[in-house]
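Student: Mind folding the following:
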Amino acid sequence: MTPDTSGTSGTNGTSHTRDDASAAAAPASAGNLNFVLVCVFIDMLGIGLVVPVLPILVGEFVAGRDAQALWFGVLAAVFGLLQFVFMPMLGAISDRVGRRPVLMYSMAGMCLNFLATGLAPNLACLFIGRVIGGISSASMSVASAYASDISTRENRAKSFGKVGAAFGLGFICGPMLGGLLGSVNLQLPFFVAAALSAGNLLYGYLYVPESLAPAQRAPFKLTAVNPFAALAKLGRRTEIRGLVVAFGIMTFAQMMLQSTWVLYTHFRFDWSPRENGIALFCVGLCAAVVQAALLGPLIKRFGEVRLALLGMSSGCITFLLYGLATEGWMMYVFILCNLLAFAAAPALQGLISKSAEAHEQGELMGSLQSISSLGVVVMPLVGSVILGEVSHLPANDWRIGSSFFVCSAMQALAIVVAWRYFDGRRAARELAP
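Tutor: This next block holds a predicted model:
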C-alpha cells in the first residue's frame, strides 16, 4: 500500500506543489488499471453468481408462489432504489475524498451483503443484505472514475472499453457459475461471492494507491447527487424526445423481463438454478458477441435507424415467444434467434449521441444510464405483481407468460414511438428548403 503523505510538507511550498502537479499529470502504472479491471470483474461476477439463485432462495422463506414472486420483486426494487440514490452520492464523495476509500467501502459493503444474504435465516435478513448491497454498490461508477484518473486523454476511451469488457465478462461468467453452485446448495454462491469480494478488498488495501491527487479534489455539492436532475434535463431536449421515450420504454421492458426470468422458468418448466445459469450465460454471450463483433457490420449493412427498428421488432416477437413456450429447450432456441435485439440499444444510443456536442456526450450517456437505473427500481415490482397473479395457474397454462406478454407489448409501443419520430424527421427534411 502506498502511504498517504498528503498531510506532510516539503522543504518549500513550491516544491510540494510541483510534486502534486506531477503526480496528477502522470498516468498511473498498468497495475492500477489492472486493479480496476479485477475489481469490476469480481463485483459483476459476484452479482451474477446470485442472479439464478436469489429468486429461488426467497421461496424458502415464504409460503406460495405468489408471495415468492412479490417479495423477490420488492427485494429487487429495494436494491435498485438504494443503488439509484446512493451511486451518484458515492461518486461525488469520491471526487472529494478520493477514489480508493470509496472503492474499499464498496467492496466491504458487497462482502457484507453476500454474507448477510447467505446466512439469512428469514426474509427480514435477506432485506438487510439487499440494503447493505444497495448503499455500497458504487464500484462501477467509481472504478470508471479511477480509470479516467490514471489514463491519458489519448488512451482514456481504450481504458473505458477495458472496464466495460470486464463488466460484461463478469456478468457472463457469474450466472453460469452461480447456477452450478446453486444446484449444490442455494447458499453456496453467496459465500463464494463474499470470499471473492473479501479477496478483492484485501488486494486493494495492500497494493493499490490513490488515483486522485489532493489538488484535483472537488468540494462535495448536494446538487451533484440528485439522481433525478439528469432525467429532468434529458426531458427538456425536445429534438430527441421521441428517441429517448422509445429507449426508455424498451429498457423498462427488458428490465421487467430480466427480473421475472428466473421465477418464470422455475414456475413454467421447473428449472433449477443450473438451467437458469446456463440460459443466462447464453444471453450474456450472445450480447457480447453482437455488441463486440457484429455491431459494426450490422450498422454498415442496415444503418442505425433500420437496425434499431429491426432489433426492437426482434425483441417484441421473441418476448412473445418466451411467454408462449411450452418446453424449456425452446427458450435456448429463442435466445439464439434474438441476436438483433442486442443491437437495438446501442443503435438508439448512437442516434441519440449525434444530437449532442462532444463536450456533452458524457452527461447525455449518463442521463440514459439513469433511465436504466430507474427501470431497475420500478420494473421488478411491476413484473412480480403480474407474475404473482398468475403463479397459481398450471404450468401448461399460457397465461403464466403474462409478464412476458406485457414486455412484448411495451416493445411494440417503443417501435411505434421510434417509427413516428423517424417518420417526422424524414418529413421535416423533405419540407426543408
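Student: give me every residue that touches the closest residue to residue 325 other than its chain neighbours.
Tutor: Taking Cβ to Cβ, 6 or more residues apart in numbering, and ignoring the residues beside it in sequence, residue 325 has residue 331 as its nearest neighbour in space, at 5.8 Å. Glycine gets a C-beta too; all of them are placed from N, C-alpha and C. Residues counted as contacts of residue 331 (Cβ atoms under 8 Å, 6 or more residues apart in numbering) are 265, 269, 279, 322, 325.
Student: Name the member of these with the most neighbours.
Tutor: Ranked by neighbour count (other Cβ atoms under 10 Å), the contacts of residue 331 have residue 322 at the top, with 24 neighbours.
Student: hang on, that one packs against residue 334?
Tutor: Yes. Between residue 322 and residue 334 there is a contact under Cβ atoms under 8 Å: 6.0 Å.
Student: For the helix or strand residue 421 falls within, buried residues please.
Tutor: Element membership for residue 421 (DSSP states H and E) is helix 402-431. By neighbour count on 16 or more other Cβ atoms under 10 Å, the buried set for helix 402-431 is 402-408, 410-415, 417-419, 421-422.
Student: what mean pLDDT does that helix have?
Tutor: Helix 402-431 comes out with an average pLDDT of 87.
Student: just how off-centre is that helix within its chain?
Tutor: 24 Å (Cα atoms, centre = their mean, to the nearest Å).
Student: do stretch 123-134 as well
Tutor: 19 Å.
Student: likewise stretch 39-59?
Tutor: Chain-centre distance of stretch 39-59: 12 Å, with Cα atoms, centre = their mean.
Student: and the end-to-end length of that stretch?
Tutor: End-to-end distance for stretch 39-59, by Cα to Cα, to the nearest Å: 31 Å.
Student: Please identify which helix or strand holds residue 77.
Tutor: With DSSP H and E as the criterion, residue 77 is inside helix 65-97.
Student: Which is the succeeding secondary structure element to that helix?
Tutor: That would be, after helix 65-97 and using DSSP H and E, helix 99-119.
Student: May I see the buried residues of the helix or strand that that following helix is followed by?
Tutor: Sequence-wise, the next helix or strand downstream of helix 99-119 (DSSP H and E) is helix 123-136. Using 16+ other Cβ under 10 Å as the test for burial, helix 123-136 gives 123, 126-127, 129-136.
Student: do stretch 171-186 as well
Tutor: Buried, per 16+ other Cβ under 10 Å, within stretch 171-186: 171-183, 186.
Student: pLDDT of that stretch, averaged?
Tutor: On average, stretch 171-186 scores 89.
Student: How about residues contacting that stretch?
Tutor: 44-53, 56-57, 60, 188-189, 192, 272-278, 280-281, 284-285, 288.
Student: Apply 7 Å and report the result again.
Tutor: Contact partners of stretch 171-186, identified using Cβ atoms under 7 Å, 6 or more residues apart in numbering, comprise 44-45, 47-53, 56-57, 188-189, 192, 272-274, 276-278, 280-281, 284-285, 288.
Student: go on, stretch 117-134?
Tutor: So stretch 117-134 is contacted by 58, 61-62, 71, 75, 78-79, 81-83, 86, 109-110, 112-113, 116, 187, 190-191, 194 (Cβ under 7 Å, 6+ apart).
Student: go with 8 Å
Tutor: By Cβ under 8 Å, 6+ apart, stretch 117-134 touches 50, 54, 57-58, 61-62, 71, 75, 78-83, 86, 109-110, 112-116, 187-191, 194.
Student: can you give me phi and psi for residue 208?
Tutor: phi -100, psi 120 (degrees, to the nearest 10).
Student: Check what pLDDT the residue nearest to it when sequence neighbours are not counted gets.
Tutor: Distances taken as Cβ to Cβ, 6+ apart place residue 35 nearest to residue 208, at 4.8 Å, with adjacent residues excluded. Note for residue 35: predicted pLDDT of 73.
Student: Can you get me a residue count around residue 35?
Tutor: Neighbours of residue 35 under the rule other Cβ under 10 Å: 24.
Student: again with the one 5 residues further on
Tutor: The local packing of residue 40 (other Cβ under 10 Å) involves 26 other residues.
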